[in-house]
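Visitor: Turn this into a model:
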Amino acid sequence: MNPEDSFQGKTIKCVKGFSFFRKANEYYCTHDSGEHFYVWCGQTGMPVNQIKLSKEHKKFFICE
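Guide: As a prediction, this is how the structure comes out:
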């Protein structure tokens, strides 16, 4: 994976809402394997700290 394509360690902004991700909200990517990336979700009230998303979900986020 090209390091420029990685979300790892970056704050990412949602550009199209889906599931519980809201448009214009910012999230933190804890790590990115290329096939999947993990988003910190400690403030969602859900009983998990991270959510694993497939690389296909990257189209819903941008790095600023």
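
Visitor: Looks like Cys41 contacts Asn25 (just checking).
Guide: No - judged on Cβ atoms under 8 Å, Cys41 makes no contact with Asn25 at a distance of 10.9 Å. No exception for glycine: its C-beta is placed from N, CA and C like everyone else's.

Visitor: So which of the two has more stuff around it?
Guide: Per other Cβ atoms under 10 Å, whichever of Cys41 and Asn25 has more neighbours is Cys41, with 16 against 11.

Visitor: so what's that one scoring on pLDDT?
Guide: As summarised for this prediction, Cys41 has a pLDDT of 80.

Visitor: so how far is Arg22 from it?
Guide: Distance of Cys41 to Arg22, given as Cβ to Cβ, to the nearest Å: 12 Å.

Visitor: what's the closest non-adjacent residue to His36?
Guide: Spatial nearest neighbour of His36, chain neighbours left out: Lys52 (5.3 Å); criterion: Cβ to Cβ, 6 or more residues apart in numbering.

Visitor: what do you get for Ser54?
Guide: Leaving aside its chain neighbours, Ser54 sits nearest to His36 (5.8 Å; criterion: Cβ to Cβ, 6+ apart).

Visitor: which residues touch that neighbour?
Guide: Neighbouring residues of His36 by Cβ atoms under 8 Å, 6 or more residues apart in numbering: 52-55.

Visitor: could you redo the last one with a cut-off of 10 Å?
Guide: With contact taken as Cβ atoms under 10 Å, 6 or more residues apart in numbering, His36 is in contact with 52-57.

Visitor: Among those residues, which one has the most neighbours?
Guide: Using other Cβ under 10 Å as the neighbour criterion, Leu53 leads those with 20 neighbours.
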